[in-house]
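> here is a sequence together with a model predicted from it:
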Protein chains: 2
Amino acid sequence: MKPADPHDVRRHNLSLVLRALAERGPRSRATLSAETGLNKSTISSLVAELVDLGLVCESGHERPGAVGRPAQNVELDPRSPFVLGLEVNVDYLAVWAADLGGRVLQRSFVASDNRERPEQVISRLELLAREALDEDFAEGRRVAAVTVALPGIVDDLGGLIVAPNLHWEDVPVAHMLSESLGPVTVENEANLGALAELTEGAGVGLRDFVYISGEVGIGAGIVIGGDLFRGARGFGGEIGHLTIDSYGPPCPCGSRGCLERLAGQDAILRLAGWDSRIRGPGSRPEWPGAMLAESAREGRAKTLEALSQVGHTLGIAAAAAVNLLNPEALLLGGYFAPLTEWLREPIENELHRRLLAGDGSGCAVLAARLGGEAAVRGAVALSRRQALDDPAALGAHSLSVVG
Amino acid sequence: MKPADPHDVRRHNLSLVLRALAERGPRSRATLSAETGLNKSTISSLVAELVDLGLVCESGHERPGAVGRPAQNVELDPRSPFVLGLEVNVDYLAVWAADLGGRVLQRSFVASDNRERPEQVISRLELLAREALDEDFAEGRRVAAVTVALPGIVDDLGGLIVAPNLHWEDVPVAHMLSESLGPVTVENEANLGALAELTEGAGVGLRDFVYISGEVGIGAGIVIGGDLFRGARGFGGEIGHLTIDSYGPPCPCGSRGCLERLAGQDAILRLAGWDSRIRGPGSRPEWPGAMLAESAREGRAKTLEALSQVGHTLGIAAAAAVNLLNPEALLLGGYFAPLTEWLREPIENELHRRLLAGDGSGCAVLAARLGGEAAVRGAVALSRRQALDDPAALGAHSLSVVG
């Protein structure tokens, strides 16, 4: 019932207008007024501030040919800041850049065995990011926000606490990159994958789902009530370390028989009779899924058996998550996504058998849409969200890039 | 940015004032104005409406002895409607009544083996509820809301879908009671236990916790962001059906080796060498916990071994929940609560071993405070919440009781 702080109101309204222009494209001040419910003089003042900040510019006319004096449109300034989404995974690095509207300006995946000293890997990532900043699109533009997807749990200070499949512990990732790239946010890769699927993938329109990302490790991103759920300290979603078999193989996390030891990328390749150290063409993260799908389509018995076994194992963990969380859907991401047609039945069998609600839980098993790009797309999405939340800060905190 | 519906605003404000009086006791209109931020004439009009509805009355003076003309207080009308909280569990029935301020007017637990036909059990519950309505406190007062705690999953229409330990399926509990008691809400007992602990127990002040209720069955109630989380269809929290041992004993749910088969009340009594069919004095639901605690305190080896084994098993399931949800705390409820000092160490050992975050997850293992009363107290709390949410409806929908 108390009035809001005027500074907060101003920041909220600036964000509202910039977000409308970033997400829905060029439009007139009158349209912005109708869409936001703010009056026209407020809109004009907000637009003027966004122009001063270098975020917005005047553009063409709305509805050419319409009757009456055409309204002048405003739009995202083509020289407005852009965001970076980076990813360190077990066997690749990724660096993407996008504008505030989400248009991808640069994308690169680079094969890289990251199971070595963190300093070397982070230096390599920094070099790739600096290379992106030398591209034409970046000329004269600032970096608004940088997010790094990591295959482990992170703290709120930009540090990686542990990434068992990298054998990394306590690595101050944000600190190591910030001198070169400005303020950096780190986040778990499965959380970011879930955010990407929610924003532009198979999770659009869903309110409660569990995104399960299969790579060398297995992680989950949990969406509750239409937003990412991270847990009290941000450590939620560690489905890969659910115990499936207390007498199973040891896991680098210190436990035994964890889901990811039995259903991760290395496990399925071994079950299917392939050397897990081979690398696919171009080292795109989804290659083992695509290769296995091709082999399953050809009816190779050992592949089909491996899929059935991995589906069964994944189903046991999925049943635990669904018994606890009762989501509308499970989204299978990472290498699982292209294999969904073979994994769905064994997973559904375990859900049917193990859920108290049985089939009445109504939980659908769906393929995620963004494949191996989900985590880095989520890193871009989180960077954009941060930038659009506080337009005035885009000037104050972001790094100037001299093209 | 659009103005709220005036009816919604009025209802919200009526609720705000009634809640202040119900939860914080008698106070003046001026105090209500200061506390709610509503101006004094609005408060006067809202109080007048609450008086007309029979919910509020004028009372004594605020701050006797203070300087100046004393302000007239208003308070909950002593003849205002009351709420009922009912519970059906495996071996008892409970009927509680409370006023809108939460003061308990009547409490009864009755031993009852409910593993028989639902019609008979629900008739017995109805009879107990009608008896409560014949007590002196109910004379001339209406029933504002009725909630029934059930040991199973429920739908949004007041039906029990399945309660494996009762061997009940598809029982329209609300419908069976509504002719006699008016509109009835049903809810899972562990969800209500969590709500009670959040409202008045060990969960006060926590934002994210998992309440684990041990009875014949084991259920969980999940609190996220300071409120009960139920899942997309309300089936969340079924920790009792997490698979601990795929080759374990069959469970009435259709699966095998579920947590509640290995760590429920019957299991620990069997492990400790007691006949699980014996009943304690007065059949209060917490009796097995109290009895086992006494025996553990006396150092009986078989009891201590059973506690260690149940703690280990419970720890495996708890680790799954904590890996997924990263709560601040686990609250041990039901028969587990009085045994927390023996269960904590084996549970913490499994968390240490199985959590990716290890001890860094910061998850405390705490005894719940409300013991076997948690579910029925939660039923009362939910009834009160419903009643206080819409004061105007208290006249329209509630049942008239002729004393």
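Looks like it arrived, so ask away.
> quick check: mean pLDDT across the lengthiest helix in chain A?
Longest helix of chain A, by residue count under DSSP state H: helix A:301-325. The average pLDDT for helix A:301-325 rounds to 96.
> in chain A, where is pLDDT below threshold?
Chain A contains residues with pLDDT under 70 at A:1-4, A:61-70, A:276-286, A:395-403.
> domain assignment for it?
Domain segmentation of chain A under automatic domain parsing yields A:6-76, A:82-191+A:376-397, A:202-369.
> how far is the first one from where the chain is centred?
Offset of domain A:6-76 from its chain centre (C-alpha atoms, centre = their mean, to the nearest Å): 29 Å.
> and that domain, is it in reach of chain B?
Yes - judged by C-beta under 8 Å from any C-beta of the partner chain, domain A:6-76 and chain B are in contact via A:Thr36, A:Gly37, A:Leu38. The C-beta positions use only the backbone N, C-alpha and C, and glycine is treated the same way.
> now these: which count as buried?
A:Thr36, A:Leu38 (16 or more other C-beta atoms under 10 Å in any protein chain shown).
> ok, so of the residues of domain A:6-76 next to chain B, who is nearest chain B?
Chain B lies nearest to A:Gly37 out of these, by C-beta to the nearest C-beta, at 2.8 Å.
> show me which residues of the stretch 301-403 of chain A are close to chain B?
The stretch 301-403 of chain A comes close to chain B at residues A:316, A:319-321, A:323-328, A:353-358, A:360-362, as judged by C-beta under 8 Å from any C-beta.
> tell me the angle the helix or strand A:Thr340 falls within makes with helix A:301-325.
Following DSSP states H and E, one finds A:Thr340 within helix A:340-354. Orientation of helix A:340-354 against helix A:301-325 (axes from the mean of the first three to the mean of the last three C-alpha atoms, to 10 degrees) gives an angle of 50 degrees.
> which other helices and strands contact helix A:340-354?
helix A:301-325, strand A:329-334, strand A:364-367 (3 or more C-beta pairs under 8 Å, 6 or more residues apart in numbering or on different chains; DSSP states H and E).
> pull out the buried residues from that helix.
Neighbour counts over helix A:340-354 (16+ other C-beta under 10 Å) mark A:Thr340, A:Trp342, A:Leu343, A:Arg344, A:Pro346, A:Ile347, A:Glu348, A:Glu350, A:Leu351, A:Arg353, A:Arg354 as buried.
> does A:Leu394 touch A:Leu53 like I think?
Yes - if you go by C-beta atoms under 8 Å, A:Leu394 and A:Leu53 touch, sitting 6.4 Å apart.
> name the residue in those two with the higher neighbour count.
Remark: of A:Leu394 and A:Leu53, A:Leu394 carries more neighbours, 23 against 19, as counted by other C-beta atoms under 10 Å in any protein chain shown.
> what segments of chain A are helices?
Under DSSP H, chain A gives helices at A:6-24, A:29-36, A:40-52, A:118-133, A:173-181, A:189-200, A:259-263, A:265-271, A:287-297, A:301-325, A:340-354, A:374-389, A:391-397.
> what's the fourth one packed up against?
Yep, that's helix A:118-133 we're talking about. With contacts taken as 3+ C-beta pairs under 8 Å, 6+ apart, helix A:118-133 sits against strand A:82-88, strand A:92-99, strand A:104-111, strand A:143-150, strand A:168-171, helix A:173-181.
> I appreciate the help and will end here.
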